[in-house]
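Engineer: This is a predicted model, with the sequence first.
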Amino acid sequence: MRRREALAEELRRSGAVSSPAIAAAFEAVPRHRFIPEIELDEAYADRAISIKSEGTNTLASISQPSMLAKMLELADVQPGARVLEIGTGSGYNAALLAHLAGPDGLVVTIEVEPDLAARARTSLAACGYESVRVVLGDGYTGFAEEAPYDRIVVSARASDIALTWWEQLRDGGHIVVPLDIGIAGEYAVGFVRHGGELRSIGIANCLFIALRGALQTASPDNVFVRSADARYGRRFRPIRSIRAVRTADAASELLAGADVVVAQRQTTFAITWE
């Protein structure tokens with residue numbers, strides 16, 4: 001408990017956590033139980049830890065607590081919320097989500113690796129989070145059986161927002177996703193859905209392992225920069241906001257005013273610089 005309290009205090013002090021509910025979740029969920037092979041002091045250090053690799057490639061990790069905290073702040077999970085997590089990994093973030101959603105909420109988490117899904121089920125049950133539903137499958141397909149969701153949290157890097165995520169997120173719901181859409185780096189972006197549009201409410205630099213599944217795409221060639229002074233040579237400015245629409249619904253008036261437009265296969269992103 002002492003280490004959990006110290007971690008929560010460190011996250012408060014660094015500014016990663018401002019919500020008392022999120023700080024309480026970090027105090028309540030034992031991170032070391034999800035990585036039992038790691039020494040206690042290391043388990044509560046503010047850093048990511050690999051939990052599965054293939055040669056020199058890391059396939060899955062337990063994310064850095066401060067990064068998780070920033071994403072949880074953007075997700076703003078309330079008691080009773082229905083939450084979908086894409087990318088279970090160790091199950092630690094699913095436990096944090098379940099703590100925030102409370103006994104009246106629902107957490108479904110999807111994992112593509114069978115051994116990680118089994119490990120997460122065991123760890124979650126051992127920590128008292130038996131109600132978390134761990135699904136083995138492709139995260140890009142979501143989980144329609146329990147939709148719609150109030151919150152969707154993607155715990156791996158994506159280059160697009162899948163149409164299934166659009167379909168399974170209720171109007172007014174939040175989706176938080178680490179995005180690398182081929183321009184200006186990788187960012188964890190919190191969006192709120194307003195009908196057929198997603199509007200960013202917060203953006204944080206991040207570094208995640210790529211989400212694996214049927215929708216994996218390369219960096220796009222279809223990037224439009226509105227004017228020469230919309231960027232500094234090849235160095236893009238910090239992002240102020242992102243608006244997103246389904247690519248099939250993209251219209252010039254909806255994207256007006258953006259400095260950069262990136263059209264991915266399923267979602268088009270309109271980016272405005274600081």
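Structural biologist: Yes, it's here.

Engineer: looking at this, residue 4 is in a helix?
Structural biologist: Yes - the assignment for residue 4 is a helix, going by DSSP: H, G, I helix; E, B strand; the rest coil.

Engineer: host element of residue 12?
Structural biologist: Using DSSP states H and E, residue 12 sits in helix 2-14.

Engineer: For that helix, buried residues please.
Structural biologist: Buried residues in helix 2-14, counted by 16 or more other Cβ atoms under 10 Å: 4, 7, 8, 10, 11, 12. C-beta here means a position set from N, CA and C on the backbone, and glycine is covered the same way.

Engineer: do stretch 16-35 as well
Structural biologist: Within stretch 16-35, the residues scored as buried using 16+ other Cβ under 10 Å are 16-17, 22-23, 25-35.

Engineer: Those residues in helices, which ones?
Structural biologist: Under the assignment DSSP state H, these contribute 22, 23, 25, 26, 27, 28 to helices.

Engineer: Quick check: residue 16 vs residue 87, distance?
Structural biologist: According to Cβ to Cβ, to the nearest Å, residue 16 and residue 87 sit 20 Å apart.

Engineer: just residue 109 next, same as before
Structural biologist: Taken as Cβ to Cβ, the span from residue 109 to residue 87 is 8 Å.

Engineer: quick one: common contacting residues for those two?
Structural biologist: With contacts taken as Cβ atoms under 8 Å, 6 or more residues apart in numbering, residue 109 and residue 87 have no neighbour in common.

Engineer: Please name the nearest non-neighbouring residue to residue 126.
Structural biologist: Excluding the flanking residues, the one nearest residue 126 by Cβ to Cβ, 6 or more residues apart in numbering is residue 33, at 6.3 Å.

Engineer: ok, back up a step: which other helices and strands does the helix holding residue 12 contact?
Structural biologist: Applying 3 or more Cβ pairs under 8 Å, 6 or more residues apart in numbering; DSSP states H and E, one finds that helix 2-14 contacts helix 20-28, helix 40-43, helix 65-75.

Engineer: okay if I get those as JSON lines plus mean pLDDT and distance to residue 261?
Structural biologist: Listed next are the helices and strands packed on helix 2-14 as JSON lines, based on pLDDT from 0 to 100; distance: least, Cβ to Cβ, whole Å:
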{"stretch": "helix 20-28", "mean pLDDT": "98", "distance to residue 261": "34"}
{"stretch": "helix 40-43", "mean pLDDT": "95", "distance to residue 261": "43"}
{"stretch": "helix 65-75", "mean pLDDT": "98", "distance to residue 261": "23"}
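
Engineer: can you list these in JSON lines and add distance to residue 246?
Structural biologist: Listed next are those as JSON lines, based on distance: least, Cβ to Cβ, whole Å:
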{"stretch": "helix 20-28", "distance to residue 246": "31"}
{"stretch": "helix 40-43", "distance to residue 246": "41"}
{"stretch": "helix 65-75", "distance to residue 246": "21"}
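
Engineer: Pretty sure residue 79 sits in a helix.
Structural biologist: No - counting by three-state DSSP, residue 79 is not part of a helix but coil.

Engineer: wait, it sits on residue 102?
Structural biologist: Yes - taking contacts as Cβ atoms under 8 Å, residue 79 lies within contact range of residue 102: 4.1 Å.

Engineer: Phi, psi for residue 266 please.
Structural biologist: phi -110, psi -30 (degrees, to the nearest 10).

Engineer: Now do the same contact list for it.
Structural biologist: Contacts of residue 266 (Cβ under 8 Å, 6+ apart): 160, 161, 162, 163, 215, 246, 247.

Engineer: What is the most widely separated pair among these?
Structural biologist: 215 and 246 (13.6 Å; Cβ to Cβ).

Engineer: ok, the residue nearest the centre of the chain to residue 109 distance?
Structural biologist: Against the mean C-alpha coordinate of the chain, by Cα atoms, centre = their mean, the closest residue is residue 154 at 3.2 Å. Residue 154 sits 11 Å away from residue 109, going by Cβ to Cβ.

Engineer: what touches both of the two?
Structural biologist: By Cβ under 8 Å, 6+ apart, the residues touching both residue 154 and residue 109 are 85, 86, 87.

Engineer: Alright, that wraps it up for me.
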